[in-house]
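[1] Curious how this folds, go ahead:
(one chain, ligands or ions: 1)
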Amino acid sequence: MCSMEPEQVISVHDGSTTYHIPLLLEKQNLLGILCEYLELPLERTPTRRLEQGKRMWNDWVYLVRSQDTITDTVSIALVGKYTSNKNAYLSVSKSIEHAAMYCHKKVKIILIDATHLEHETYQNSAVKYHKAWHDLCSVKGIIVAGGFGTRATGGMIKAITWARINKKPFLGICLGMQLIVVEYARHVMGIPDAGSQELHPESKNHVIIHMPEHNQENGRDTMRLGRQACIFKEGTEWSKLRSLYGPTISQIEERHRNQYEINPEIIERLEKAGLAVVGKDTTGKRIEIVEIRDHPFFVGVQFHPEYLSRVLRPSKVFLGLFAAAAKCLEKIPMALQQGQRGLVDEY
Ligand SMILES: NC(=O)CC[C@H](N)C(=O)O
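    This is a model prediction of the structure:
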């Protein structure tokens with residue numbers, strides 16, 4: 001066969017998940033073959049690096065194999081406006097999967113087009129409207145993901161109201177967090193026209209404003225980007241999200257991509273009404289995390305936790321949402337503190 005030896009052919013057959021593929025490759029000695037053909041001196045690799053690699057490999061094999069014995073599936077709705085493109089929310093979907101693997105559960109992610117939750121859809125297509133609401137009401141947890149522009153935000157706000165009132169585990173990411181604040185201001189604080197400068201320019205009560213140091217004319221060129229610190233506020237040890245980082249962590253770093261922020265002038269009123277500030281930036285003015293205390297899990301983050309989630313190191317933010325949906329949140333802080341590789345370690 002075209003000047004190739006049989007042992008040079010490596011096959012990757014269908015498996016239950018893509019995470020099994022490294023296991024298939026290893027079984028066929030891919031590493032050995034590559035080292036031989038590329039003349040890579042594995043024996044000269046420092047022992048520390050080799051051991052680190054071995055540990056990571058063992059953790060990977062353990063986690064992937066443990067997936068084969070899962071019986072429970074937890075459904076999570078991902079509410080957004082770019083749902084017609086399956087890959088638009090790939091990093092968010094993968095982060096939910098990482099969290100599910102840690103909790104030893106399977107996940108079914110249901111993409112919901114936020115416009116379908118809006119009344120206009122009911123008028124044009126009652127089937128789409130009822131299907132979207134049926135999906136939203138059936139799932140165990142809900143995420144409103146990031147985004148730009150007004151379209152579909154009416155439906156996202158409806159999803160937030162539903163999760164808040166019905167005590168469904170909920171996570172709002174970036175735009176999702178900004179809409180939590182709009183929803184709270186409108187329906188709990190009694191400001192019916194509360195809005196965001198980006199989405200509701202006509203509003204007289206902007207609870208989300210353009211960040212002053214960012215140039216509006218240059219649009220997205222001047223976004224707040226990249227890794228930035230978030231400091232947990234004193235007295236927020238009760239926070240369900242914070243409990244996942246452990247008692248010694250007072251600061252985390254996460255990646256950002258936004259132009260708007262919570263209006264600092266409303267923060268005191270927001271907190272008095274029950275939407276607590278859990279994390280702020282290093283200036284102490286910019287809000288990074290909000291959370292409702294009397295709720296199984298209702299968290300908004302201004303950053304994008306999906307950018308830093310990894311298979312062996314799932315984002316705590318997604319872990320919180322997923323574990324609350326799977327009703328195993330109370331086990332997670334201890335499991336993480338003890339360095340368990342996942343909840344299956346219990347068995
Ligand atoms: N990444 C996002 O979700 C952005 C949210 C919002 N459009 C902003 O610019 O702040």
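
[2] would you put the C-alpha positions of the helix or strand of the chain with the lowest mean pLDDT in PDB?
    Every helix and strand of the chain was ranked by mean pLDDT, DSSP states H and E. The lowest is helix 30-37, at a mean of 90. Extracted in PDB, the C-alpha atoms of helix 30-37 (Å, rounded to 0.1, in the frame of the first residue of the first chain):
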ATOM      1  CA  LEU A  30       1.400   6.700  18.200                       C
ATOM      2  CA  LEU A  31       3.900   8.300  20.700                       C
ATOM      3  CA  GLY A  32       6.500   5.500  20.100                       C
ATOM      4  CA  ILE A  33       6.100   5.800  16.300                       C
ATOM      5  CA  LEU A  34       6.400   9.600  16.300                       C
ATOM      6  CA  CYS A  35       9.500   9.500  18.600                       C
ATOM      7  CA  GLU A  36      11.100   7.000  16.300                       C
ATOM      8  CA  TYR A  37      10.400   8.700  13.000                       C
END
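
[3] I would like the residues contacting the next helix or strand after it, please.
    Using DSSP states H and E, the helix or strand that follows helix 30-37 towards the C-terminus is helix 47-66. Applying C-beta atoms under 8 Å, 6 or more residues apart in numbering, the contact partners of helix 47-66 are 17, 19-20, 22-23, 26, 42, 101, 104, 311-312, 341-342, 344. Placement of C-beta: from N, CA and C, glycine included.

[4] Stretch 280-292 too?
    With C-beta under 8 Å, 6+ apart, stretch 280-292 has contacts from 164, 177, 180-181, 211, 228-233, 236, 239-241, 254, 261-262, 264, 267, 270, 274-279, 298-303.

[5] just stretch 326-338 next, same as before
    72, 74, 100, 102-103, 105, 140, 240, 243-244, 246, 296-297, 316, 319-320, 323, 342-343, 345-346.

[6] Distance from stretch 249-256 to the middle of the chain?
    14 Å (C-alpha atoms, centre = their mean, to the nearest Å).

[7] Is it possible to get CSV of the contacts of helix 47-66 that adds pLDDT, distance to the ligand and secondary structure?
    As requested, the contacts of helix 47-66 are exported to CSV (pLDDT from 0 to 100; distance: C-beta to the nearest ligand atom, whole Å; DSSP: H, G, I helix; E, B strand; the rest coil):
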residue, pLDDT, distance to the ligand, secondary structure
Thr17, 88, 28, coil
Tyr19, 93, 27, helix
His20, 93, 33, helix
Pro22, 95, 32, helix
Leu23, 95, 35, helix
Glu26, 94, 38, helix
Leu42, 80, 43, helix
Met101, 96, 26, helix
His104, 95, 31, coil
Val311, 96, 24, coil
Leu312, 96, 26, coil
Arg341, 90, 32, coil
Gly342, 91, 30, coil
Val344, 76, 34, helix
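
[8] average pLDDT for the strand or helix carrying Val290?
    Assessed by DSSP H and E, Val290 sits inside strand 287-292. Strand 287-292 shows a mean pLDDT of 98.

[9] near the ligand, anything from it?
    No. Strand 287-292 is not in contact with the ligand by C-beta under 6 Å from any ligand atom; minimum separation 12.2 Å.

[10] Same question for that strand: list its buried residues.
    Neighbour-count burial for strand 287-292, counted by 16 or more other C-beta atoms under 10 Å, picks out Ile287, Glu288, Ile289, Val290, Glu291, Ile292.

[11] what's the most distant pair in these?
    Glu288 and Ile292 (16.0 Å; C-beta to C-beta).

[12] How confident was the prediction at Gly15?
    Note on Gly15: pLDDT of 85.

[13] hang on, the earlier thing: parallel or antiparallel, which strands does the strand holding Val290 pair with?
    strand 275-280 (antiparallel), strand 298-301 (antiparallel) (DSSP bridges).

[14] what comes into contact with the shortest one?
    What that stands for is strand 298-301. Against strand 298-301 from outside (C-beta under 8 Å, 6+ apart): 163-164, 169-174, 176-178, 180-181, 240-241, 254, 278, 288-292, 317, 320-321.

[15] Adding mean pLDDT as columns, could you present the strands paired with strand 287-292 in a markdown table?
    Output for these, formatted as a markdown table (pLDDT from 0 to 100):
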| stretch | mean pLDDT |
| --- | --- |
| strand 275-280 | 98 |
| strand 298-301 | 98 |
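
[16] No more questions from me, cheers.
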